[in-house]
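**Q** what follows is a predicted structure for the sequence shown.
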There are 2 protein chains.
Amino acid sequence: MSLCQLRYFVAVAEEGHVGRAAQRVHVSQPPLTRQIRALEEELGIPLFERTPRGMRLLAPGRCLLTRARTILAEVDAAVADVARHRPPPGPPG
Amino acid sequence: MSLCQLRYFVAVAEEGHVGRAAQRVHVSQPPLTRQIRALEEELGIPLFERTPRGMRLLAPGRCLLTRARTILAEVDAAVADVARHRPPPGPPG
DNA sequence: GTCGTGCGATACCAAAAAGGTATTGGACGA
DNA sequence: TCGTCCAATACCTTTTTGGTATCGCACGAC
């Protein structure tokens, strides 16, 4: 599992639609489909129900969605925290 | 930044030694060195001091270490939590 | 001072992963 | 039955990652 996969997963979960999620994360639809399936395979359980209208979260998916949001937020916080140690870029020019 | 990089970083931070960290994460030394440097470049700040004896954590590195452990633990928890939805593999045989 | 030793860094190549375009298959409504 | 909209697949290219061999540097023994 990768952070990238988690970002893709959250996008699909929130959009309910692989195509729209792909636009949101700036990737084309097929790789996104593939990453979601890879994630499901790695976890050994389906995360979405495929319907003719799009993707619908299943119970394990809802469970992961909450956790994925937390993880991604912690990553952002870590980056921001470390960045505080970085010297300022100096005056412009 | 990837989860893999965070695992590598934690290993190096805890071992204080790229070679031992490499053994621990089952990777050879050069890729590990490269990933650590890539992480530092992405964050825009050094995480370690290079000494003739090994790698020594700097302040930003200590900051990241705490957060990285948290993130990796949450990932493990997420996997375990999702796995609880998985049907049991059935009786042996 | 010089030579061995132990460390991370680099060069270079091979393997694996990710992404893109084009296309397929299936469900639904007109 | 045909057009539309969806995810899934086929196929190729590009990027990333990992491995082996080697370098450069600092230190200690002598």
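**A** Structure received. Numbering: from 1, shown residues only, chains lettered A, B, ... in the order given.
**Q** point out where chain A drops to low pLDDT.
**A** Counting by pLDDT under 70, chain A has low-confidence residues at A:93.
**Q** tell me who's in contact with A:E49.
**A** Applying C-beta atoms under 8 Å, 6 or more residues apart in numbering or on different chains, one finds that A:E49 lies in contact with A:55-58. Glycine gets a C-beta too; all of them are placed from N, C-alpha and C.
**Q** whichever strand or helix holds it pairs with which strands?
**A** Secondary-structure element containing A:E49, defined by DSSP states H and E: strand A:48-51. Its sheet considered, strand A:48-51 pairs with strand A:54-57 (antiparallel) by DSSP bridges.
**Q** the strand it pairs with near DNA strand C at all?
**A** No - counting by C-beta under 7 Å from any atom of the strand, DNA strand C has no neighbours in strand A:54-57; the shortest distance is 10.8 Å.
**Q** check which element follows that strand along the chain.
**A** Secondary structure here is assigned by DSSP H and E; on that basis, the next helix or strand after strand A:54-57 toward the C-terminus is helix A:59-83.
**Q** just how off-centre is that following helix within its chain?
**A** The gap between the average C-alpha position of helix A:59-83 and the chain average comes to 9 Å, counting by C-alpha atoms, centre = their mean, to the nearest Å.
**Q** which parts of that helix are buried?
**A** By 16 or more other C-beta atoms under 10 Å in any protein chain shown, the buried positions in helix A:59-83 come out as A:60-61, A:63-65, A:67-68, A:71-72, A:74-75, A:78, A:82.
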